[in-house]
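**Student:** generate a structure from the sequence data that follows.
(one chain, ligands or ions: 1)
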Amino acid sequence: MSQFNFTTLGQFIIEKQSEFPFAKGELSRLLRDIGIAAKVISREVNKAGIAEIIGDVGEINIQGEDVKKLDLIGNEMFTTVLERGGEVCAFASEEEDNMVALKGTHSKNGQYVVCIDPLDGSSNIDVNVSIGTIFSIYRRVTSVGTEPTLEDVLQAGNRLVASGYIIYGSSTMLVYSTGKGVNGFTLDNSIGEFCLSHPNIQTPKDGTIYSLNEGNASDFPEGVQKYISWCKEKDKETQRPYSARYIGSMVADLHRNLLKGGIFIYPPTAKAPNGKLRLMFECIPMAFIVEQAGGIATTGKERVLDIQPKELHQRVPVFIGSANMVNKALSFS
Ligand code: P6P
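**Tutor:** The predicted model follows:
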């Protein structure tokens, strides 16, 4: 195979731009900017152990979680890149209490808003477990040139323009969708480019992996407890007992299940009666990817992408992954 037989993220975005007849390049430039930020964060994550950026900054964020140095680096990185790019008028971050109206020279004319979890699973940074960035892109609802408002950000997932994630693992991968399928790109550090490695990802309809924090099992709703017990029963025909795989980093758990098949559940618990995961920053963008790959994402009561967000840091329960597995889990409710 020719050593030049690869497609970079930039080449792919431009090639696919023709699928959007009204696109004049703004979304393409925005996706390119996100790729740039991801490469810088990947470099920081990969040298974290030796660069004195391990550990906490001694702050607690709005989520009530310790803020890691890399959380801040990631948040600042995306703020800078999105501000300089000029395509985005406002962004919301898991690390920011409120929506941020960007102050770049051209930001007010930006047509898009971005919701971002700069480093999801950051509690795993200090122990070298895979972590990720999760992003979603909406078209603003306020007029170009005006001050953006919270209305621009609090949009249902069924209005998404694009979403994706970057996983900083054994390799760094960027996976995204603009609503026409899901494609994965692996960072080739020798040329500093994300190269197409997983075209048109389709998640298996069935799987044998279930992912949830069973430490909370005594709090789980009865239907979830019954489903987990069903997963553990011996039944050759349905390849049970299934395998329990839970990393505690949503991007890593969902990426594995996306490729191999599986179900990820974060149900309501006593500590998190609405579930722990954030609707805007984790559930909506990951639901868009999973649905585009042929899977299902629901709160157990409604499709995640149909929820009209009421507040920025709203949390919801989530059942997400292989269609037949999610439907089986819901059948116990
Ligand atoms: P628990 C990380 O903090 C995170 O938001 C997700 O990435 C992950 O799936 C979940 O929380 C883990 O939560 O309660 O099982 O530790």
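**Student:** what segments of the stretch 101-250 of the chain are helices?
**Tutor:** Assigned by DSSP state H, counting those that start in this stretch, the helices in the stretch 101-250 of the chain fall at 150-153, 222-232, 250-260.
**Student:** relative to the ligand, which of these is closest?
**Tutor:** helix 250-260 (3.4 Å; Cβ to the nearest ligand atom). For the C-beta atoms, the positions are set from N, CA and C on the backbone; glycine is no exception.
**Student:** pLDDT on that closest one, on average?
**Tutor:** Average pLDDT, helix 250-260: 98.
**Student:** identify the residues contacting it?
**Tutor:** 120-121, 129-134, 165-167, 169, 173, 175, 182, 198, 201, 203-204, 207, 209, 211, 245-247, 262-264, 277, 282, 286, 289-290, 293, 295, 320-322 (Cβ atoms under 8 Å, 6 or more residues apart in numbering).
**Student:** need the buried ones from the residues you listed selected in PyMOL.
**Tutor:** Buried residues within these, by 16 or more other Cβ atoms under 10 Å, are selected in PyMOL with:
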select buried, resi 120+121+130+131+132+133+134+165+166+167+169+173+175+182+201+203+204+207+209+211+245+246+247+262+263+264+277+282+286+289+290+293+295+320+321+322
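**Student:** what about the contacts of helix 250-260, which are in strands?
**Tutor:** 120, 131-134, 165-167, 173, 175, 198, 209, 211, 263-264, 320-321 (DSSP state E).
**Student:** in the helix or strand encompassing Q11, which residues are buried?
**Tutor:** Q11 is part of helix 9-17 when elements are defined by DSSP states H and E. Judged by neighbour count using 16+ other Cβ under 10 Å, the buried positions of helix 9-17 are 9, 12-13, 16-17.
**Student:** cool, stretch 88-105 as well?
**Tutor:** Those would be 88-96, 99-100, 102, 104, for stretch 88-105 by 16+ other Cβ under 10 Å.
**Student:** output the contacting helices and strands for the helix holding Q11.
**Tutor:** Applying 3 or more Cβ pairs under 8 Å, 6 or more residues apart in numbering; DSSP states H and E, we find helix 9-17 packed against helix 26-46, strand 183-188, strand 193-198.
**Student:** most tightly surrounded among the helices of the stretch 101-250 of the chain?
**Tutor:** Greatest average neighbour count among the helices of the stretch 101-250 of the chain goes to helix 250-260 (a mean of 24), per mean count of other Cβ atoms under 10 Å.
**Student:** can I get it in PDB, CA atoms only?
**Tutor:** Extracted as PDB, the C-alpha positions of helix 250-260 are listed here (Å, rounded to 0.1, in the frame of the first residue of the first chain):
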ATOM      1  CA  MET A 250     -17.600   7.700  29.500                       C
ATOM      2  CA  VAL A 251     -15.700   8.400  26.200                       C
ATOM      3  CA  ALA A 252     -13.600   5.300  26.700                       C
ATOM      4  CA  ASP A 253     -16.500   3.000  27.700                       C
ATOM      5  CA  LEU A 254     -18.700   4.300  24.800                       C
ATOM      6  CA  HIS A 255     -15.900   4.100  22.200                       C
ATOM      7  CA  ARG A 256     -15.300   0.400  23.100                       C
ATOM      8  CA  ASN A 257     -19.000  -0.400  23.000                       C
ATOM      9  CA  LEU A 258     -19.500   1.600  19.800                       C
ATOM     10  CA  LEU A 259     -17.000  -0.600  18.000                       C
ATOM     11  CA  LYS A 260     -17.600  -4.000  19.700                       C
END
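**Student:** by how many degrees do that helix and strand 183-188 diverge?
**Tutor:** If you take axes from the mean of the first three to the mean of the last three Cα atoms, to 10 degrees, helix 250-260 sits at 110 degrees to strand 183-188.
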